[in-house]
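Asker: Please work out how this folds:
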Amino acid sequence: MFGIKGFKERFGEIPLKEEYIKRVLFDTAISFDYKKIIIPTLENAKSFSPAVIGKAPWPEWNENGCFYFEIENYLKDYNTCSKEKVLLIPEGTISVTRWLGEKINKGDYKFPIKLFYSLTCYRNEILAHLSDTKHREFEQFGMEILGSSNILSDVENMHMVCACLKKLDIKPFEIRIRLSDTHVFNNLIQDSKISEDDAVTLREVMDYFAESKAGKHQETYKSCKEKLYSLINKTQLPISVFNCWAALFESGYNDLEELTKVFPSKYHTYFCILEEIRKEFAKQHIRVDIDLCVVRSHEYYTGISFEVDVISQNQSFFEIAGGGRYDRLVGNFIENSKNKINAVPCTGFAFGLERVCFLMEKLDLFNSEKVVTSTFKFDEHENEPVKIKDDSIAEYFEAIANKRKIYIGDK
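Answerer: Numbers count the residues shown, from 1 in each chain. Prediction:
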């Protein structure tokens, strides 16, 4: 008798290392006033329907990629029951947005909400694709900012990834954020009149292409680019729109000046914001590479999106964390008849714990005794947060350096 493939017992040193990582991430989150949420392992299957999350929540997704089953809900005794289709959660964001929708329906909310979670996720990965860092059961640590469209919430999202990695002894110059804004992709799709199915495929191929540009599976770079051109050529595009797609596919990192020459003016605001973010993170010694192909395969992203890599002198570790803005998800769980709210701006990210543990082992960062001291504050009187004038990213980082609590909600 053997255990199930993709589900592994962990004993001794490995769970000790994972516990250390979770403690560091926990302490970093609460030091920035994030509150912990505990998410149930089971979620209603309707929460993960295409009507809620779209057709492409992650690469190669279909219903076979999750563990679905029915549970029996016994009402008053074990003779009468109703059946409910559920699944083991494959990620944390959807359950968080469903939870927030229920709170809004009850009128029990105050924005912005900053929360974090540490949970076990389940995906029915193809067995041939399993590896040291890809299992069918895995740990995810995520942070979310709910109810804020402020650009500073997107900036804090990325800053928190960096703060966590630095606490784990990753050097700032080893961190690379690949940054994009999915407004560009989504607007181009509309201008191109590309079919919904082709748009899903195009998103997935672009995401894979971005990974190839970054240095992961580089051997697929040429074939990915050819497939991208094949997809957009299925539609008779105006030459101006085709040129925009071609500029995306051919551009290197941070080529915004060239892209501005090709793209219409309605896109320029997105480019300016991305460039401002890049420059301000550079002042923090964090490398940000703007790549508009980083659309992430999750269809529910609506704005800023990013992937985080760790690039050391001799080794590269891709997609240690990823995230972005998703402003339409919560609305799927709000009862419009009871509320005037139908859309809630949100942003967040998540680490794959196994990937973080793997990179720390490879970089020999478990080479000494680690001490973690946690401070738990109960019934704490919260100081009034500082409001940043004109949502200045530079002033945000100045306030962070001075250890001031910052308001990142909407005005």
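Asker: Need phi/psi at the residue lying closest to residue 93 once chain neighbours are set aside.
Answerer: Once flanking residues are discounted, residue 93 sits nearest to residue 348: 6.1 Å by Cβ to Cβ, 6 or more residues apart in numbering. Backbone N, C-alpha and C define where each C-beta goes, glycine included. When read as degrees, to the nearest 10, the backbone of residue 348 gives phi -170, psi 180.
Asker: do residue 43 as well
Answerer: Taking degrees, to the nearest 10, you get phi -130, psi 150 for the backbone angles of residue 43.
Asker: quick one: the strands in the stretch 101-250 of the chain?
Answerer: Taking DSSP state E, counting those that start in this stretch to define them, one finds strands in the stretch 101-250 of the chain at 113-122, 137-146, 175-181.
Asker: Please name whichever of those strands is nearest to residue 391.
Answerer: For the strands of the stretch 101-250 of the chain, distance to residue 391 was read as Cβ to Cβ. The smallest value, 13.9 Å, belongs to strand 137-146.
Asker: Give me the buried positions along stretch 384-395.
Answerer: Neighbour-count burial for stretch 384-395 flags 388, 391, 393, 395 (criterion: 16 or more other Cβ atoms under 10 Å).
Asker: Could you identify which of the strands of the stretch 101-250 of the chain is most buried?
Answerer: Neighbour counts averaged per stretch over these are highest for strand 175-181, at a mean of 25; criterion: mean count of other Cβ atoms under 10 Å.
Asker: Could you list the low-confidence segments of the chain?
Answerer: Low-confidence segments of the chain (pLDDT under 70): 56-61, 337-342, 380-382.
Asker: Any idea which residue is closest to the centre of it?
Answerer: Residue closest to the average C-alpha location in the chain (Cα atoms, centre = their mean): residue 323, at 1.8 Å.
Asker: is it true that it touches residue 305?
Answerer: Yes. In this structure residue 323 lies within contact range of residue 305 using Cβ atoms under 8 Å: 7.4 Å.
Asker: Could you give the bridge partners of the residue nearest to the centre of the chain?
Answerer: residue 306, residue 349 (DSSP bridges).
Asker: contacting residues around it?
Answerer: Contacts of residue 323 were listed using Cβ atoms under 8 Å, 6 or more residues apart in numbering, and they are 142, 157, 161, 305, 306, 347, 348, 349, 350.
Asker: for residue 221, same thing?
Answerer: For residue 221, the residues meeting the contact criterion (Cβ under 8 Å, 6+ apart) are 209, 212, 213.
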